[in-house]
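J.: Next comes the sequence, and after it the predicted model I'd like to discuss.
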Amino acid sequence: MSSTTTTSTSSSTSPLKHQPSQATPQENKQIYTPWRLFIYDIWVLGIVSTFAWGCRISKYLIPLFRLNIGKNHLDIGAGTGYYLNHAQIPKTTTLTIADNEPHALNVALARCTHPPNQTHGIVTDILQPFPFPTPKKEEEKFDSISMYYLLHCLPVPMATKCKIFTHLKKYMTADGVIHGANVLGKGVRKDNWFAAMIRRGCLKHGVFHNEQDNAWEFERALRENFREVETWVVGSVFVFRAKGPIFD
Ligand SMILES: C[S@@+](CC[C@H](N)C(=O)[O-])C[C@H]1O[C@@H](n2cnc3c(N)ncnc32)[C@H](O)[C@@H]1O
């Protein structure tokens, strides 16, 4: 773990620091190996996203990310931390990075150029109903949450993926915003030859679990949980922004 990681996780007053996952990530099959993370930015975010999924990250996703960063931001599924370094996050923002793979989290923290005293890392499984400790005060809640290219990786049915929005809103402020994007498996344009090859490989090797993922169900889940919902399909990618959690 880099010095950034150690410093940021040990000196924080955030209620989220050092919170271990209820699952045991070390026992999971590690998808994001050091080699995969090394080539991730160029291959996945550059070539594959643009030419297979039809969604250029710099044109569609970085601007969405940049426009939806609050004062207390949570990024789930950080990967290499690419967005965190390209979204011009204000230095005053408190940034929490959550991932279930310690290696991926450490890479993201090590690469992250955000001020170390404003950056926290947490290993947790977002599929758990309570992935974070319950916030005691409103200031501890997140006013923005990002989850990019995460949902298509989760090895669970659509209904379970959709429950994540219900779980996460407990940690959000009344005007909090959640935004992200994920590759769909159903109800989208026909894959070109490159996309078909990548999709086959990702499904075969357990990187994607998105055969049933469709825009309609994701949008419905967002509308059940948030007052304002905007969604787009860019190429084969579902892009969303939702604001104002609905508390029952
Ligand atoms: C495809 S990468 C996306 C990285 C980054 N958001 C991006 O768009 O470049 C997915 C990330 O989600 C993490 N992840 C997968 N399943 C998770 C889970 N159940 N809980 C938390 N993080 C998870 C992986 O370890 C990985 O870092």
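T.: That came in fine, so what should we check first?
J.: tell me, how many neighbours does R200 end up with?
T.: Residue neighbour count, defined by other C-beta atoms under 10 Å, stands at 12 for R200. C-betas here are computed from N, CA, C, even on glycine.
J.: element containing the closest residue to D175 other than its chain neighbours, please.
T.: The shortest distance from D175 to any non-neighbouring residue, by C-beta to C-beta, 6 or more residues apart in numbering, is to G244 (5.9 Å). Under the criterion DSSP states H and E, the helix or strand holding G244 is strand 237-245.
J.: Tell me where the protein has helices.
T.: 3-10, 34-40, 62-67, 82-86, 102-111, 158-168, 193-204, 215-225 (DSSP state H).
J.: For S146, which of those helices is the nearest?
T.: helix 62-67 (5.9 Å; C-beta to C-beta).
J.: Could I get the contacting residues of the residue nearest to D175?
T.: With contact set as C-beta atoms under 8 Å, 6 or more residues apart in numbering, G244 has these partners: 174-176, 226-228.
J.: Return the distance of the longest strand along the chain from the chain's centre.
T.: In the chain, taking DSSP state E as the definition, the longest strand is strand 172-183. Counting by C-alpha atoms, centre = their mean, to the nearest Å, strand 172-183 is centred 10 Å from the centre of its parent chain.
J.: now stretch 77-88
T.: Here stretch 77-88 is found 10 Å from its chain centre; the criterion is C-alpha atoms, centre = their mean.
J.: for it, how far is the first residue from the last?
T.: For stretch 77-88, the first-to-last residue distance is 18 Å (C-alpha to C-alpha, to the nearest Å).
J.: hmm, that stretch in reach of the ligand?
T.: Yes - Stretch 77-88 lies in contact with the ligand when judged by C-beta under 6 Å from any ligand atom; the contacting residues are 77-79, 82.
J.: Quick check: pLDDT value at the most far-flung residue of the chain relative to its centre.
T.: Each residue of the chain has a distance to the centre, and by C-alpha atoms, centre = their mean the biggest one is for W193: 27.4 Å. At W193, the model reports a pLDDT of 98.
J.: just F165 next, same as before
T.: Reading off the per-residue confidence, F165 sits at a pLDDT of 97.
J.: That one contacts E219, correct?
T.: No - under the criterion of C-beta atoms under 8 Å, F165 makes no contact with E219, lying 10.8 Å away.
J.: partners of the most centrally placed residue in the chain in the sheet?
T.: The chain has M147 as the residue nearest its centroid, 2.3 Å off, counting by C-alpha atoms, centre = their mean. According to DSSP bridges, the residues that bridge with M147 are G180.
J.: Next to the ligand, which bits of this structure? Give me the list.
T.: By C-beta under 6 Å from any ligand atom, the part of the chain that sits against the ligand consists of 32, 45, 76-79, 82, 99-101, 104, 125-127, 148-150, 153-154.
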